[in-house]
Structures are given as C-alpha cells and as structure tokens.
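here you go, sequence then predicted model.
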Amino acid sequence: MRSKLFVPGSRPELFAKAAASEADGICLDLEDAVVEARKAEARAAVRAFLQQGGSAGGKTWIVRVNGLETPHFALDVAAVARPGLHVINLPKPETPDAVRAAAEALARAERDNGVEAPIALLLNIETPKALRNAAALAAAHPRVVGLQLGLGDLFEPLGIDRRESAAVQQALFALRMAAGEAGVYAYDSAFANVRDAQGFREEAALSRRMGFLGKSCIHPSQVALANEAFRPTDAEIAHALEVVVAADAATAGGVGAYMVGGRMIDAPFEARARAIVASARRLGLVS
C-alpha cells in the first residue's frame, strides 16, 4: 500500500472516483473530515457503499472511525464492519486496553454482520503518550497490522513546526522502531500542503528510507507522488535479484556470508532483498 487516499465519508459522490484512482488503498473517513452535524449521514453513506459491494476491485479498503472516547465509535464500528472492508483505522489510542476494547467491539460487529474474514486494525499514533507507548499498543492485539504516524495532531498542540526536519525524522524513527519491535508495518503521515509537491516528495523519500510502507494522501494529486516514492528503483530491484540468486547458491553451498557487487551479504540483507523482489513482483515490475 504505497498510497492511501483519504475520502470524506460525507462525500459519497467521490467514493467511485477514488476506487478508480491509482491509489493502492482508500480510506473512507468518518473522523476529522466530517463535521459533527454530519457524522450520522456519513456513517450511513459508508455503510451503504460497503453493503452494495463498492469495496470490490483489488484495493485495500479502510474506514477511519471516530475515537473510542467519542459517542460515535460504537455506532461507526457496528455500521462499517462489513464484508469487503479490510482495515479499521483507529484514531488516538493511548493504552493497550483501548486497543483491546476496539478489537472486542470489532469482533462483535463482525459476528452481527456476518463478516468471515477478520478486519485488521491500523493505529494512529497522534499524541506524545501514544508515541511513547507505540510498541505496546501495536502488540496489544493480533488484529493490529500497522502503526500510522499523525504528525499534525502530534506536533501542532506542542508548537512544533510541521516542517522541522529534525523533529519529523525523530518521530519517524521512533515509530519505525516501535513497529519493528511489534512486528507490524509503519505508515507515514499526511502532508497538508497540497500545493507543495516537492515537500511531499522529500518527506515521502525520507519515510521510505526509514522503512515505511507508504504515505497517506489527502488529495488525488498526491497519489502519483506516493506511488513513485515507494516504488523500488530499477537499481534496487537489479541488486535484490542478484542477492537472491547469490543467496540461493550460498545456501546450497553451506556459506553464511558472501559478496554481491562488492557488498557483504548475510541474513538481514538477504531478507531485505527478498522483500524488494516480492514488492517488485506485486507491482508487475519483474516476472
């Protein structure tokens, strides 16, 4: 999921357009993109779209529900936990108990709605406490598949400039380490300045170098930028293919470490090379 496009739940006329876009994932948003007076309307629109099979077509379908502390959470989960939904995006969890409570609510909704394939949880890390506890949050329940950084919510209340590169790097690194500890993926934040394509590219490139899976998009124009940033380069693919061939030969020969293109290769480098090749195959870049 190189790109994840947010679509307001209150704009059902945009759902089909998003589905036809090049985004790998679509997140129908019931939280920040929907004003309080339209929460019920948005919830009903998303439920109807999912019930009508709108989530078919090979993309990853996500719904960002309202937070556990709101009166909307239980209603949101009960409405949108439907066949075809892949992920619930949970905003602002701060404790493992909160994650477990969300997972239990999701399980009840799945039973009530006849969902057979379990729906995963993607946790938004948006507060200092959540960032400090991120590994524990990710490990709180098997449904958790990833952590998503929310830099706007994290930085703005603290007066941290959203474009302060040192702060962005530290937040990215902390989240990536937490996700690595828990064995889940790390997903990058949204970039609010839609007109600043270069800023988006730079931040996406940084997060990819830090091992993030992809980046959130708040406008369709950002999707191509994210897809480009998180695509393995031709040079990376070529090197990874060489490593895989050499690794297979080394295994057959009982060799633990070996050289490829002047670089020493052992198990961690082999694992990364195989991941790059797998990604390239999913994208149709190699056979």
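Received, thanks.

residue boundaries of the helices in the stretch 1-150 of the chain?
Under the criterion DSSP state H, counting those that start in this stretch, the stretch 1-150 of the chain contains helices at 15-19, 39-51, 73-80, 96-113, 128-132, 134-138.

I'd like the ones you listed laid out as TSV, including mean neighbour count, mean pLDDT and distance to Phe173.
C-beta coordinates here come from the backbone N, C-alpha and C atoms, glycine included. Converted to TSV, the helices of the stretch 1-150 of the chain look like this (neighbours: other C-beta atoms under 10 Å; pLDDT from 0 to 100; distance: least, C-beta to C-beta, whole Å):
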stretch	mean neighbour count	mean pLDDT	distance to Phe173
helix 15-19	17	94	31
helix 39-51	19	96	34
helix 73-80	21	98	30
helix 96-113	17	98	22
helix 128-132	17	98	11
helix 134-138	23	98	12
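
just so I know, which of the ones you listed lies nearest Asn227?
Of all these, the one in closest proximity to Asn227, counting by C-beta to C-beta, is helix 15-19 (14.5 Å).

what residues does that closest one touch?
Defining contact as C-beta atoms under 8 Å, 6 or more residues apart in numbering, one finds that helix 15-19 is touched by 5, 7, 26, 28, 45, 49, 54, 57, 59, 220.

I figured the fifth one hits Gly9, correct?
This means Ala45. Yes - the pair Ala45 and Gly9 passes the contact test of C-beta atoms under 8 Å, sitting 6.0 Å apart.

about what we covered before: dump the contacts of helix 15-19 to a markdown table, plus distance to Phe269.
A markdown table is the format used below for the contacts of helix 15-19 (distance: C-beta to C-beta, whole Å):
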| residue | distance to Phe269 |
| --- | --- |
| Leu5 | 33 |
| Val7 | 39 |
| Ile26 | 34 |
| Leu28 | 39 |
| Ala45 | 47 |
| Phe49 | 44 |
| Gly54 | 42 |
| Gly57 | 36 |
| Lys59 | 32 |
| Pro220 | 37 |
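
against Leu90, how distant is Leu137?
Taken as C-beta to C-beta, to the nearest Å, the spacing of Leu137 relative to Leu90 amounts to 10 Å.

ah, wrong one, I meant Gly284
Counting by C-beta to C-beta - Gly284 and Leu90 are separated by 32 Å.

look at those two and report which has more neighbours.
More crowded of Gly284 and Leu90, by other C-beta atoms under 10 Å: Leu90, with 27 against 7.

who's in contact with the more buried one?
Taking C-beta under 8 Å, 6+ apart, we find Leu90 in contact with 65, 67-68, 99, 102, 121-124.

repeat that for Gln148.
Taking C-beta under 8 Å, 6+ apart as the criterion, Gln148 is in contact with 89, 122-125, 186-189, 216.

so who does the spatially most central residue of the chain touch?
Per C-alpha atoms, centre = their mean, the C-alpha nearest to the average position across the chain is that of Tyr187, at 4.2 Å. Listed by C-beta under 8 Å, 6+ apart, the contact set of Tyr187 reads 1, 4, 122, 146-149, 212-216.

pull the residues that contact the helix ranked longest in the chain.
When every helix of the chain is counted residue by residue (DSSP state H), the longest turns out to be helix 234-253. Around helix 234-253, the neighbours that count as contacts under C-beta under 8 Å, 6+ apart are 232, 256, 258, 260-261, 265, 269-270, 272-274, 276-277, 280, 285-286.

C-terminal to it, what's the next element?
In the C-terminal direction, the helix or strand that comes right after helix 234-253 (DSSP states H and E) is strand 258-260.

give the partner strands of the very next helix or strand once past that following strand in its sheet and their orientations.
Past strand 258-260, heading to the C-terminal end, the next element that is a helix or strand (DSSP H and E) is strand 263-265. Using DSSP bridges, the neighbouring strands of strand 263-265 in the sheet come out as strand 258-260 (antiparallel).

which of the residues in the strand it pairs with are buried?
Of the residues in strand 258-260, those with enough neighbours to count as buried (16 or more other C-beta atoms under 10 Å) are 258, 260.

show me where pLDDT drops low in the stretch 101-250 of the chain?
Nowhere does the stretch 101-250 of the chain drop to pLDDT under 70.

the strands in it, which residues?
If you assign secondary structure with DSSP state E, counting those that start in this stretch, the strands in the stretch 101-250 of the chain sit at 120-125, 144-149, 185-187, 215-217.

sweet, I'm off.
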